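Asks: just to be clear, the model below is a prediction. Sequence and coordinates:
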Amino acid sequence: MEAKPAALVVAALYRDPEALSQAERRLETLVGPLERLGDEFAFDCTDYYRAEMGPNLHKRLLLGRRLVERQLLPAIKLATNDIERQLAAESGRRRVNLDPGLLSPENLVLASTKPRGHRVYLGRGIWAEVTMAFQHGRFEMFAWTYPDYRSAELVNSLQRARGRLLQTLRRGDYRLLREVPCSRA
């Protein structure tokens, strides 16, 4: 059985709204139109990124308007890593952190460059993590689900996006992203 396409979700972490806008524009040249999913929220559940990116970080979810073939997740993660490097400050510190994932009817899978016991290696230095599973009419969390992904606002946004994804898949009238061009300048 062939897997149905998924919706691209990109979690953007940033301090400077201009850095987010630049990242969105570059990402759209690779994956097509994006929309902002839900509201921006303060990223205050960890200090992990503070030394590199500074205080007062914000997070926003971006949703691709084109569905993607699931095997593109490693290429998308490599492309978002390239965008982060392109937009980095002269010091090399990132101004934006882009974490792509795939939203499907059954789950949310995030890509990572860090191996962990609950992640599956996809190749090219990229691992995949099932961050949430959709069961019994709602998203179920795991012990490793990041605290910001547990917030009611984020979960509600993902549930709305999942509902739209299901309608789109039923209609079958979607544009499909089949490849990710190299993002290197």
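Replies: Received it, and whenever you're ready, just let me know what you need.
Asks: every contact and neighbour count from this point should use C-alpha atoms.
Replies: Will do.
Asks: can you list the weak-confidence ranges in this protein?
Replies: For the chain, residues meeting the criterion pLDDT under 70 lie at 182-185.
Asks: which residues in it form helices?
Replies: In the chain, helices defined by DSSP state H lie at 17-31, 50-53, 73-86, 152-171, listed in chain order.
Asks: what's the angle from the third one to helix 17-31?
Replies: Calculated by axes from the mean of the first three to the mean of the last three Cα atoms, to 10 degrees, helix 73-86 forms an angle of 140 degrees with helix 17-31.
Asks: still on that earlier bit, can you tell me which of the helices of the chain is most buried?
Replies: Mean neighbour counts were compared across the helices of the chain using mean count of other Cα atoms under 10 Å; the top stretch is helix 73-86, at a mean of 21.
Asks: name the residues that touch stretch 51-71?
Replies: The contact list for stretch 51-71, computed with Cα atoms under 8 Å, 6 or more residues apart in numbering, reads 3-15, 31-44, 50, 93-96, 102, 174-178.
Asks: now do it: distance from first to last residue.
Replies: 33 Å (Cα to Cα, to the nearest Å).
Asks: buried ones in it?
Replies: Going by neighbour count (16 or more other Cα atoms under 10 Å), the buried part of stretch 51-71 is 53, 57-70.
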